[in-house]
Structures are given as C-alpha cells and as structure tokens.
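Participant: can you look at this prediction? I've put the sequence above it.
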Amino acid sequence: MYTGAVSVESRMRIVHRLGMLLPLFAFLPASLLATQASQESDSPDKAMMAPVTALASYMAHSDSAVMPPVFVDNGLVIVENFAPYIFVGKDAAARWDAGIRQHLARLKDLQFDFGVAHDFDRTGNRVYFVLPTTWRGIYPAGVESGRPHPEGRFEEHGAWSFVLDRSSGQWRIISYTWGVTDETDSPTGPAGDGAATNGENEEDAILAADAAWLKVYEAKDLDKSAAFFDEQGSMLVPNGPIATGKDAIAKMIASDFANDHITWQANKVGVAHSADLGYTSGTYENTFKDASGNTASDKGKYLTVWKKEANGAWKVLYDMFNSDLPPARAPLNK
C-alpha cells in the first residue's frame, strides 16, 4: 500500500488510537484467542488427529485389539471399499467393525503412514480434511480370477477424508471415506523380490519331506511310507499301471519292500510360482534277488511332484522312476 502522502499529524492520530485499543486485548479470555488461532489453522491439530491415529492403529491390529471409542454415537456414515460399502445407521460402527475384521483377516504385518493433511476446513465444532495414507502389508497365496498367485507384499496409496465432530471437549469421527489411488504388489515367492528367502525356505521344506520319506522307506514302514502321499496321489512305475489312492499305493510300496534294499538321493528341487507345488528329482539304487536267487542291483532316476497341503505339510502328488539299465532281452529261438 502506498503511504507517502499521509501527513505526520495523521500518523500520530493512528498511533494514538492503536495505543487506546491495545489494552483491550488484555481482557480477552485466553481460550477465545486459542479458539481463534485453531479456527484459522490450515491443518488438523494433535487433538483432531488422535481419533484418526487410534482408528488406523486398530485397523492394523484388528485381529487382537478392541475397537477404540473413536466414532460418534449417532449419525455415523462410513464409505469403504468392501461390501456393503456404505455403513450408516444406529449399528453402523458394529457392522463396520465386523466387516473390517473380515476384510483384513487374510493380511499380515499391516503398517500405515500418513501424509500431510489438506483441504482442511472448520465450522464451529466440525472439521473436514483429507489425509493421504499409505498402507503396507503381506497378502497370502491364493487364486484370483482363476489364476494362482504366490504370497506377496502390497503397498496401497489412498485418500482418507474425515469429518470430525467435537462434543464434551473430545473429537470423534462422524464420517470417513476411503478411496484407493494406486496399489503395487510384489510377490515374495519365486517370481518376486523375496524369492531368495521364501523360495529357498519352501525348497528346504520339500527336501526335508523327501529325506523323511526316504527314512521310513528304508525302514520298510509301510503305513508311514504310504502316509506321505496326498489323498489323490499316484505312483507311476515302469511296465505297470498307475496306482492311485492310498490302498493301491500301499500295495505298490509293499512290492517295493520285497527288494533287499532301496535308497535314493535328491539332487534337484524346485517350487512353482503358485507356491503350492514343487518337485524333487534325483537318482535311486536298489538291490534284490533275481529269479535264480542271486543278488542283483538296479539304478536309475526318479521325479516326485509334491503338493503343499492346507496345514503347510508337503505330500507326494506323483512319484515316477525308471531304470538306467537296458531292458533284459528274451532268448532268441533258433
């Protein structure tokens, strides 16, 4: 503002009037001045953020926590990205609580970060603001759109808009809306960044199952050997039909036990991207009595396909092998 034309006398009158007004501010209640400052703020203060932070902390640990009293008793409205999407009415908080628990039950290691709030506005005892929020965690292996996927980590970015109501000196949430802006998924199985850790762990588990199966097989324990097969497991032996099911497999293993000794050594192992199938392959050797009663031996290779059960145990889905030795020839008739 240009002030060059203002006379010295006018300036003196302005200073005198300001000097008369300044003492009046001393009589204004401190609480009124604080309220004025708060209303002129462009972001939520610590007290306003308290119910929001408590809500996010509860959501990150909803499997083992009790919902804090962050919502108003009447008039609550929540818009979420899980069914039924809009929670409104007398029991809105209870229905939202049941829904969020189910929605998050399959996720692990949930964490959140808040960005800088914006679009802050206050009218009386109500405030509105938008809070950029990032959620991180681990999702389980499963099937989506007919295609299996391994376990992985996700990072979800979104805008969390809140309306808070102040009653009895406490801010509580009267409404919130969550909207996802983008999400990134990173498999922790063999196809993802965590392949070295997760994949190797599963491979170790399959090799351990293979070794445990060999131990009971060498001990000729029929029940324990057959128990390593999946309910739909099969043995594919050379020069014979496929044996499927525990009974048929038990008979096949029993015939194997007629040999003097059988052993094998896994030299390869792998896990599928779905994280629920794997394989071992290697070599085997056995000794047996031939038709003349003499000790004979055989050696060859094998391939076993393993399936991960619901309880995490690895079971044999398919087992097949064949000899490295040439087939015996029938004598020629002359």
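Facilitator: That came in fine, so what should we check first? Numbers count the residues shown, from 1 in each chain.
Participant: what number of residues lie near Asn311?
Facilitator: By other C-beta atoms under 10 Å, 5 other residues sit near Asn311. In this view, the C-beta of every residue, glycine as well, is placed from N, C-alpha and C.
Participant: that one and Ser41, how far apart?
Facilitator: 55 Å (C-beta to C-beta, to the nearest Å).
Participant: also Val271?
Facilitator: On the measure of C-beta to C-beta, Val271 and Ser41 end up 54 Å apart.
Participant: please apply the same query to Ser62.
Facilitator: 31 Å.
Participant: neighbour count winner among the two?
Facilitator: Ser62 (19 against 12).
Participant: now for the more buried one: which residues touch it?
Facilitator: Asp97, Ile100, Arg101, Leu104 (C-beta atoms under 8 Å, 6 or more residues apart in numbering).
Participant: make it 6 Å
Facilitator: Residues near Ser62 by C-beta atoms under 6 Å, 6 or more residues apart in numbering: Arg101, Leu104.
Participant: please apply the same query to the one 3 residues further on.
Facilitator: Ala65 makes contact with Tyr58, according to C-beta under 6 Å, 6+ apart.
Participant: so where does it fall, helix or strand?
Facilitator: For Ala65, there is no host helix or strand (DSSP states H and E).
Participant: with Val52 instead?
Facilitator: Counting by DSSP H and E, Val52 is found in helix 46-60.
Participant: do the same with Ile174
Facilitator: Going by DSSP H and E, Ile174 is part of strand 170-187.
Participant: wait, doesn't Ala60 sit right on Lys108?
Facilitator: No - using C-beta atoms under 6 Å, Ala60 makes no contact with Lys108, being 10.7 Å away.
Participant: all helices of the stretch 201-334 of the chain, in order?
Facilitator: Here the stretch 201-334 of the chain has its helices, by DSSP state H, counting those that start in this stretch, at 222-226, 246-256.
Participant: Ala54 is nearest to which of the ones you listed?
Facilitator: helix 222-226 (52.6 Å; C-beta to C-beta).
Participant: show me the contacts for Ala93.
Facilitator: Phe71, Leu76.
Participant: for it, helix, strand, or coil?
Facilitator: Put simply, Ala93 is helix when judged by DSSP: H, G, I helix; E, B strand; the rest coil.
Participant: pLDDT wise, what is it at?
Facilitator: pLDDT for Ala93: 96.
Participant: measure it to Leu164 for me?
Facilitator: 15 Å.
Participant: could you list the low-confidence segments of the stretch 1-150 of the chain?
Facilitator: 1-40, 142-149 (pLDDT under 70).
Participant: returning to what we had before: quick one: mean pLDDT for the strand holding Ile174?
Facilitator: The predicted model assigns strand 170-187 a mean pLDDT of 91.
Participant: find the nearest non-adjacent residue to Ala211, please.
Facilitator: Counting by C-beta to C-beta, 6 or more residues apart in numbering, Ala211 lies nearest to Ala266, which is 7.8 Å off, once chain neighbours are set aside.
Participant: again, but for His118
Facilitator: Nearest to His118 is Val130, by C-beta to C-beta, 6+ apart, at 5.5 Å.
Participant: tell me the angle the helix or strand where the one you found lies makes with helix 46-60.
Facilitator: Assigned by DSSP H and E, Val130 belongs to strand 126-139. Relative orientation of strand 126-139 versus helix 46-60 (axes from the mean of the first three to the mean of the last three C-alpha atoms, to 10 degrees): 30 degrees.
Participant: so the nearest residue to Trp213 once chain neighbours are set aside versus Ala211, what's the distance?
Facilitator: Of all residues beyond its chain neighbours, the one nearest Trp213 is Phe228 (4.5 Å), with distances taken as C-beta to C-beta, 6+ apart. Relative to Ala211, Phe228 is positioned 11 Å away (C-beta to C-beta).
Participant: understood, closing this out.
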